[in-house]
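**Q** This is a predicted model, with the sequence first.
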Amino acid sequence: MTKLAIAIDLHRCLGCNTCSLACKMQNNIPDGMLWNRVLTENCDIFDGAEGTYPNLSRTYRPVACQHCTNAACKRVCPTGATYRDEMGRIEIDYDKCIGCRMCMAACPFNARTFNWNEPVRSTGFSYGDARVPERHKGVMEKCTLCKERTDEGEEPMCVHCCPGDARIFGDLDDPDSRISQLRRSSTAHVLLEEKGTQPQVFYFN
Ligand code: SF4
Ligand code: SF4
Ligand code: SF4
């Protein structure tokens, strides 16, 4: 088996949002939607800080679909539109999606985004990788781990473009891969472990 995943080095993340924009461009994501967001730890405002002045700190935490091994979204999807593929990625079959949004409610990471209307792009035209299928009104979407790229042996665009070298892509089922070695490091951790979804995306510092 293959279990593709991303590891994120919180110590190296600059909070530059390049990953969010690279993802948006690669995947032709409409206005008002993001598949990858860069959050600020323990703070509910954009680029905020934690602590009390003058003892302030800031930790950026990029969050997208965690491609969970025990994916809550997959368990509740009534049509089989959400599925795990042979590379260990959680994907959406847009033709099977009926827009019920059960998956959106079930995901503890707020990783899914819904096309309430026909997609609008401020460019006035579609952009990005021509291999990526368009989504339409009434269909759910989210990070695909850049399926069209990773199927061809390329790394996801967020990993490719990260200027901080903070994102590592690889196969968790290969015990000798760099990502597997990082998963065994003492600071490796996942988000919301208590929810039991067993994220494949993990963080370390
Ligand atoms: S592109 Fe890299 S350094 Fe910039 S916010 Fe994303 S993970 Fe952090
Ligand atoms: S992060 Fe959410 S959408 Fe992604 S696999 Fe896990 S439960 Fe599903
Ligand atoms: S919105 Fe689509 S992918 Fe989500 S649970 Fe409903 S049918 Fe499945």
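**A** That came in fine, so what should we check first? Ligands and ions are numbered 1, 2, ... in the order given.
**Q** which residues touch residue 154?
**A** 146, 160 (C-beta atoms under 8 Å, 6 or more residues apart in numbering). Where you see a C-beta, it was placed from the backbone N, CA and C, and this is true even at glycine.
**Q** For residue 174, which non-adjacent residue is closest in space?
**A** residue 180 (6.1 Å; C-beta to C-beta, 6 or more residues apart in numbering).
**Q** Surely that neighbour is within a strand?
**A** No - checked against DSSP: H, G, I helix; E, B strand; the rest coil, residue 180 lies outside a strand; its state is helix.
**Q** What's the separation between it and ligand 3?
**A** With the distance defined as C-beta to the nearest ligand atom, to the nearest Å, residue 180 ends up 30 Å from ligand 3.
**Q** That residue: neighbour count?
**A** 17 (other C-beta atoms under 10 Å).
**Q** Let's verify residue 164: helix, strand, or coil?
**A** Under three-state DSSP, residue 164 falls in the coil class.
**Q** Check whether it really touches residue 14, as I assumed.
**A** Yes - counting by C-beta atoms under 8 Å, residue 164 touches residue 14, with 4.5 Å between them.
**Q** out of these two, which sits in the busier spot?
**A** For residue 164 and residue 14, the more surrounded residue by other C-beta under 10 Å is residue 164, and the numbers stand at 16 against 12.
**Q** who's in contact with the most centrally placed residue in the chain?
**A** Residue closest to the average C-alpha location in the chain (C-alpha atoms, centre = their mean): residue 64, at 2.5 Å. Taking C-beta under 8 Å, 6+ apart, we find residue 64 in contact with 23, 35, 36, 37, 111, 142, 143, 158, 201.
**Q** Make CSV from those residues and add pLDDT and distance to residue 135 to it.
**A** Below are the contacts of residue 64 laid out as CSV (pLDDT from 0 to 100; distance: C-beta to C-beta, whole Å):
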residue, pLDDT, distance to residue 135
23, 98, 14
35, 98, 11
36, 98, 16
37, 97, 18
111, 98, 15
142, 98, 10
143, 98, 13
158, 98, 19
201, 98, 22
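**Q** Just the ones of those residues in strands?
**A** Mapping the contacts of residue 64 onto strands (DSSP state E) picks out residue 37.
**Q** The contacts of residue 64 into JSON lines, with extra columns for distance to residue 77 and neighbour count?
**A** Converted to JSON lines, the contacts of residue 64 look like this (distance: C-beta to C-beta, whole Å; neighbours: other C-beta atoms under 10 Å):
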{"residue": "23", "distance to residue 77": "23", "neighbour count": "24"}
{"residue": "35", "distance to residue 77": "18", "neighbour count": "22"}
{"residue": "36", "distance to residue 77": "22", "neighbour count": "24"}
{"residue": "37", "distance to residue 77": "23", "neighbour count": "16"}
{"residue": "111", "distance to residue 77": "14", "neighbour count": "23"}
{"residue": "142", "distance to residue 77": "12", "neighbour count": "24"}
{"residue": "143", "distance to residue 77": "16", "neighbour count": "27"}
{"residue": "158", "distance to residue 77": "25", "neighbour count": "27"}
{"residue": "201", "distance to residue 77": "20", "neighbour count": "22"}
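**Q** show me which of the contacts of residue 64 neighbour ligand 3.
**A** Subset of the contacts of residue 64 in contact with ligand 3: empty, counting by C-beta under 6 Å from any ligand atom.
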